[in-house]
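Trainee: Give me coordinates for this.
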Amino acid sequence: MDSDVPSLRNLLGETMPDYTNWAIANQAVMNPATTAADLTQIANAQPSLRAAVAAHPAAHPALLDWLAHQGDPAVAAAVAARSQGAGQPSAPAPGFAPSPGFAPAPTPGFAPAPGYAPPSGAGGSGGMSRNMMVGLIVGGVALIVAIALILVFAVFLPRSNNGGSADFDSAQANYTQAQTALASALSNAKYVVQRTVETQLDNPSLLKKLQSTITTAEGYSPVELKQASGKSAVKAQVAQLQAETSTVNTLKSNLDSDAKAVEASQLSWAKKTLSDAIAEAKSTYDKWQGEASAEALANLQAAIDAAQATLDGLDKVTPADVPGAALDAVSAMLEAELALYGTGPETPSCNVPTGVDPMVCGGEPPGTVMIPMTYWGGGDIGTQMFMSPAGDVGCMNFPDRVECDASGATWQMPAPLLQSQACVESQNCGSPAVALTNDGSVGAWPRSDVPDYAAAQGEGVRVPVLAAGQTTAFGSVACLAEVSGVTCWDTNTHHGFKISSSSLLYW
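Mentor: Just a heads-up that it's a prediction; the model follows:
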């Protein structure tokens, strides 16, 4: 299937378009000059455009045969329609044709009276009589009028028979413009989903709704029309293009609306989170009056003022930066609050076992990776989860804990961890599941079924993998991925655990 074309392009210094970009691929399919080699690339990169590829005039028989065997009924139907239409002669171009039996009017002339003879000397031998000259002149005028009428019909009738050409061009241009706008809206919506964490929304269902709208938009198959012959046929095509344009505009409008709803929900969450943190910091500031140093209190007040300024300006912050701006302000206030303990109660201790990265004794590590939601259970259940680099540890974030399980664990759960409140209440802590709860404590966690990450993998869902050296954070809990396992700790209490299939450390 034109496998030598890409290499020839490389020799000529040309660059293959990025057909993994839906908008670029869609524009190429709409272009009748797109080559068979490009169509092959598009069919491989964009399954949603295969029906349009099958309808493209440059699609060669080998590509059509391949498309027909991909198991997609819509694509197979497009190939079949293409095959049925092959070889059919196109309708003749419209033109003027005279009605049956039409003949030019006889040339008018002058007929002399019976017995008339020209007088002698009227024209001489071989001369032309006056009556004959009048007849020729009148006949010539009639012939000129007949030719003029034929030219008028030839020039003006075809235009009236195919007068919808301008309407077709306008409808086609509007449809192409709508598709370009849809591609842009789709790209923006996907970016919103990629950067949004479900737990950072005051209404998490909005994120799922946006994902559903994206799936609907991706499933739209553009139509490709060439102007037909005949006014009525062109009029029908214009109506079809207008209907398709309306559909595309509706898809774009839904994407824009749902994306804005997610961003508004994220902004609402950020405002509430930051407002609550400011109120708590103010309470701490009042509580430590007369007990902490003036410098520590001044630092906390400065952090509170900065957080309030951030809160007041959140509406003007780029939506992608809203969660980070709020969390940075919260983190600054927490650090200022912890500094108060230098002149009051003793600071939290951080004694960790050998083999644990010292970063667990600090705050949230910089450059953390955002873990997206993974949907499973037929798309009805969503969980933030990730796998270790070795694939033997899976971790999940829940409202009350961060839990990690080790598959094929060769260690036994330490007895102290089995005394966690959850284990005592359930009497069902036999699996290698360890949790760091919201109160900063480590304990075994009861589990009688498979963990969420294993259930998702069982359905064929891909669970994100945290590469070695990368960190992520879920509220006050941070996790570090290493080849030797996964370490999770509370950035406030510094308690945590390090888990793998071969060992478990906790502190």
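Trainee: dump the residue contacts of Leu327.
Mentor: Listed by Cβ atoms under 8 Å, 6 or more residues apart in numbering, the contact set of Leu327 reads Thr273. No exception for glycine: its C-beta is placed from N, CA and C like everyone else's.
Trainee: which parts of the helix or strand encompassing it are buried?
Mentor: Taking DSSP states H and E as the criterion, Leu327 maps to helix 322-339. By 16 or more other Cβ atoms under 10 Å, the buried positions in helix 322-339 come out as 322-323, 325-327, 329-334, 336-339.
Trainee: ok now that helix, how far from the chain's centre?
Mentor: Distance of helix 322-339 from its chain centroid, counting by Cα atoms, centre = their mean, to the nearest Å, is 33 Å.
Trainee: got the CA coordinates for that helix in PDB?
Mentor: Presented in PDB, the C-alpha positions along helix 322-339 are these (Å, rounded to 0.1, in the frame of the first residue of the first chain):
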ATOM      1  CA  VAL A 322      -6.200  27.400  39.400                       C
ATOM      2  CA  PRO A 323      -5.600  24.200  41.500                       C
ATOM      3  CA  GLY A 324      -1.900  24.700  41.700                       C
ATOM      4  CA  ALA A 325      -2.300  28.300  42.800                       C
ATOM      5  CA  ALA A 326      -4.700  27.300  45.500                       C
ATOM      6  CA  LEU A 327      -2.600  24.400  46.700                       C
ATOM      7  CA  ASP A 328       0.600  26.500  46.700                       C
ATOM      8  CA  ALA A 329      -1.100  29.100  49.000                       C
ATOM      9  CA  VAL A 330      -2.400  26.300  51.300                       C
ATOM     10  CA  SER A 331       1.000  24.700  51.500                       C
ATOM     11  CA  ALA A 332       2.700  28.100  52.400                       C
ATOM     12  CA  MET A 333       0.300  28.600  55.300                       C
ATOM     13  CA  LEU A 334       0.800  25.000  56.500                       C
ATOM     14  CA  GLU A 335       4.600  25.500  56.500                       C
ATOM     15  CA  ALA A 336       4.100  28.800  58.500                       C
ATOM     16  CA  GLU A 337       1.900  27.000  61.000                       C
ATOM     17  CA  LEU A 338       4.400  24.200  61.500                       C
ATOM     18  CA  ALA A 339       7.100  26.800  62.100                       C
END
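Trainee: Listing request: residues of the protein with sub-threshold pLDDT.
Mentor: Scanning the chain for pLDDT under 70 picks out the ranges 1-15, 85-163, 342-349.
Trainee: That one: helices as residue ranges?
Mentor: In the chain, the helices defined using DSSP state H lie at 5-11, 22-30, 36-45, 50-55, 61-68, 73-85, 130-161, 165-195, 205-218, 231-287, 294-312, 322-339, 421-426, 452-458.
Trainee: from the ones you listed, which stretch is densest packed?
Mentor: Of all the helices of the chain, helix 50-55 has the most neighbours on average by mean count of other Cβ atoms under 10 Å, namely a mean of 24.
Trainee: residues in contact with that one?
Mentor: 26, 29-30, 39, 42-43, 59, 63-64, 67, 70, 72, 74-75, 77-79, 81-82, 221-224.
Trainee: Leaving out the residues flanking it, which one is nearest to Glu44?
Mentor: If you look again at residue 44, you'll see it is Asn, not Glu. Leaving aside its sequence neighbours, Asn44 sits nearest to Tyr19 (Cβ to Cβ, 6 or more residues apart in numbering; 8.0 Å).
Trainee: Tally up the residues packed near the one you found, please.
Mentor: Look at Tyr19: counted by other Cβ atoms under 10 Å, it has 21 neighbours.
Trainee: Who does Ala481 form a beta bridge with?
Mentor: Bridge pairing for Ala481 (DSSP bridges) gives the partners Val486.
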